[in-house]
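>>> here is a sequence together with a model predicted from it:
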Amino acid sequence: MAAGLLDNRPDLHELIERLQHQLFIAMTEMAATPGSTPKVRIEARHATELEPLIDRFAGERPPLTTFVLPGGSPAGAYLHVARTVSRRAERELVALHRIESVRPELLIWANRLSDLLFAMALAENHRSGAIELAPNYQV
């Protein structure tokens with residue numbers, strides 16, 4: 001959904017599409033029968049390729065000095081939703097790893113993916129002029 005709101009950013013469309021392909025690779029790996037080797041798997045390069053992207057998007061805005069509430073521009077808000085879902089999936093992978101082996105490459109990639117989506121959400125909000133709200137701990 002975020003991609004549909006980023007018509008003026010073909011670079012982000014391409015990146016989101018690449019991430020969607022990687023999500024399908026991760027799902028293929030997770031759906032494989034235990035003990036089998038799926039034809040495609042998340043590789044170390046997938047996580048490594050996310051690192052400079054995280055840095056690029058984080059560098060597009062001033063450093064955070066507080067937590068922020070998810071929201072902002074429509075595209076930024078959808079990227080925050082994607083980050084939240086990604087982080088939840090990461091926690092589920094870690095919980096699964098306590099029961100059966102999950103390859104480290106998949107765990108690392110899931111962590112870097114959620115960080116990238118967070119950096120993208122903040123960068124998009126900054127770019128669009130949306131105000132990031134800090135949590136109000138007094139309510």
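Great, that's in hand.

>>> E105 and N111, how far apart?
Distance of E105 to N111, given as C-beta to C-beta, to the nearest Å: 11 Å. Using the backbone N, CA and C atoms, a C-beta is placed for each residue, glycine as well.

>>> next one: E14
On the measure of C-beta to C-beta, E14 and N111 end up 23 Å apart.

>>> before we move on, the earlier item: which residues are common contacts for E105 and N111?
Common neighbours of E105 and N111, counting by C-beta atoms under 8 Å, 6 or more residues apart in numbering, are A47.

>>> in this structure L106 contacts V94, no?
No: at 10.6 Å, L106 does not count as touching V94 under the criterion of C-beta atoms under 8 Å.

>>> more neighbours: those two, which one.
L106 (22 against 13; other C-beta atoms under 10 Å).

>>> next helix or strand past the lowest-mean-pLDDT helix or strand in the chain?
Least confident helix or strand of the chain, by mean pLDDT, DSSP states H and E, is helix 10-31 with a mean of 90. Counting by DSSP states H and E, the next helix or strand C-terminal to helix 10-31 is helix 44-58.

>>> buried set for that next one?
For helix 44-58, burial by neighbour count (16 or more other C-beta atoms under 10 Å) applies to H46, A47, L50, L53, I54, F57, A58.

>>> centre of the chain to the least confident helix or strand of the chain, how far?
10 Å (C-alpha atoms, centre = their mean, to the nearest Å).

>>> flag every buried residue along it.
Going by neighbour count (16+ other C-beta under 10 Å), the buried part of helix 10-31 is L12, L15, I16, L19, Q22, L23, I25, A26, E29.

>>> what about R87, how many neighbours?
There are 17 residues near R87, going by other C-beta under 10 Å.

>>> my read: it touches S114, true?
Yes: the pair formed by R87 and S114 meets the contact definition of C-beta under 8 Å, at 4.4 Å.

>>> any idea of the mean pLDDT for the helix or strand encompassing S86?
Counting by DSSP H and E, the element that carries S86 is helix 74-99. The average pLDDT within helix 74-99 is 94.
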